[in-house]
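> Any chance you can model this:
(one chain, ligands or ions: 1)
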Amino acid sequence: MKVQKVTGYVGATISEVDLATCDDADTYRYIYRVLLENAVVFFRDQELSIERYLEFGRRFGELIRNNSPVIRTMADHPELEIIRKEADAISNIGDEWHTDQSHRPDPCMGTILYAVEVPSHGGDTLFANTAAAYDSLPDDLKQAVRGLRAVHSPEYLLRQTAERTGDPDKLFGSTRATSRPTTHPVVRVHPETGRKVLYVNPAYTENFEGQTPEQSQPLLQRLFSHVQRPEHYCRFRWRKGSLAFWDNRQAWHYAVNDYHGSAREMRRLIVRAPAHEPLAQAV
Ligand SMILES: [Fe+2]
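Just a heads-up that it's a prediction; the model follows:
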């Protein structure tokens, strides 16, 4: 197995491993270590059956269902989601920087995507390392976020989508604001690496706890701009058979919606942290 870093701070490509046949527990432990170090790992040219893909996901934790009525799931496998954009569709899921499930009290640990149909160009996904972003925050910003908590709201994401596309129903149907907002510390300690991470994102975070959006936005926008510095993110070009696995506790991602006229289909798994994982602490 070979590990090649994608950029200085985020992403690693793991090659010379066939996930369809590898059953060596040490190999998967090593993959997980590479994930913790790089926030996201990539594999190429994998040929995975549905069963084998599910097995891959289960090696890292319990697979959970999103329970979204607008996302299709595989027949007989409700934990395997089909993220498909048709050639004539306009809306794309995830074209805003976000952390999966940050609006939930107990967000998932990781997300896995496996490409089964990709456009000839476009449809890349960007990944940012929010631990690296915290490390490089100027001291005044580190001071400014100390002890703050932020509100993560699904309704805010829908409102932004409505403003951008003019027609959120196309994407979300009647599922708007399916869950209530929740709050998380702005700086959390990653439960496994011990690193501090910035835990706010542009899709779900409109304000700090105890502050209005107007009061919160100037600082939030500074944090968002900082995370989006090119040093902190990488861009992944999908091919059929590519697989990406990211750690939502220390990553943002962004699905670029620039492939109108082509279909794109991904199979998604959502992994809950192992039961023994201690809760991320506030600092
Ligand atoms: Fe996402």
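> Looking at the stretch 101-250 of the chain, what residue ends up closest to the ion?
Closest contact between the stretch 101-250 of the chain and the ion, by C-beta to the ion, is at Thr111 (6.3 Å). Using the backbone N, CA and C atoms, a C-beta is placed for each residue, glycine as well.
> would you say that residue is within a strand?
Yes - assessed by DSSP: H, G, I helix; E, B strand; the rest coil, Thr111 belongs to a strand.
> Which residue, other than its chain neighbours, is closest to it?
Asp100 (5.1 Å; C-beta to C-beta, 6 or more residues apart in numbering).
> For the one you found, give its distance to Ala132.
Counting by C-beta to C-beta, to the nearest Å, the gap from Asp100 to Ala132 is 19 Å.
> Also Arg52?
Distance from Arg52 to Ala132, by C-beta to C-beta: 32 Å.
> Which residue of these two possesses the greater neighbour count?
Higher neighbour count among Arg52 and Ala132: Ala132, with 23 against 14, using other C-beta atoms under 10 Å.
> Would you mark the buried spots in the host helix or strand of the more buried one?
Per DSSP states H and E, Ala132 falls inside helix 130-135. Neighbour-count burial for helix 130-135 flags 130-134 (criterion: 16 or more other C-beta atoms under 10 Å).
> Kindly report the same for stretch 18-32.
Buried-residue list, stretch 18-32, by 16+ other C-beta under 10 Å: 19, 28, 31-32.
> Then stretch 87-97?
91-97.
> what does stretch 227-242 give?
Neighbour-count burial for stretch 227-242 [16+ other C-beta under 10 Å]: 227-228, 232-234, 236, 238, 242.
> Adding pLDDT and distance to the ion, write those residues out as JSON lines.
Listed next are those as JSON lines, based on pLDDT from 0 to 100; distance: C-beta to the ion, whole Å:
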{"residue": "Val227", "pLDDT": "98", "distance to the ion": "15"}
{"residue": "Gln228", "pLDDT": "98", "distance to the ion": "16"}
{"residue": "His232", "pLDDT": "98", "distance to the ion": "17"}
{"residue": "Tyr233", "pLDDT": "98", "distance to the ion": "14"}
{"residue": "Cys234", "pLDDT": "98", "distance to the ion": "16"}
{"residue": "Phe236", "pLDDT": "98", "distance to the ion": "13"}
{"residue": "Trp238", "pLDDT": "98", "distance to the ion": "14"}
{"residue": "Ser242", "pLDDT": "98", "distance to the ion": "16"}
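> That concludes my questions; thank you for your assistance.
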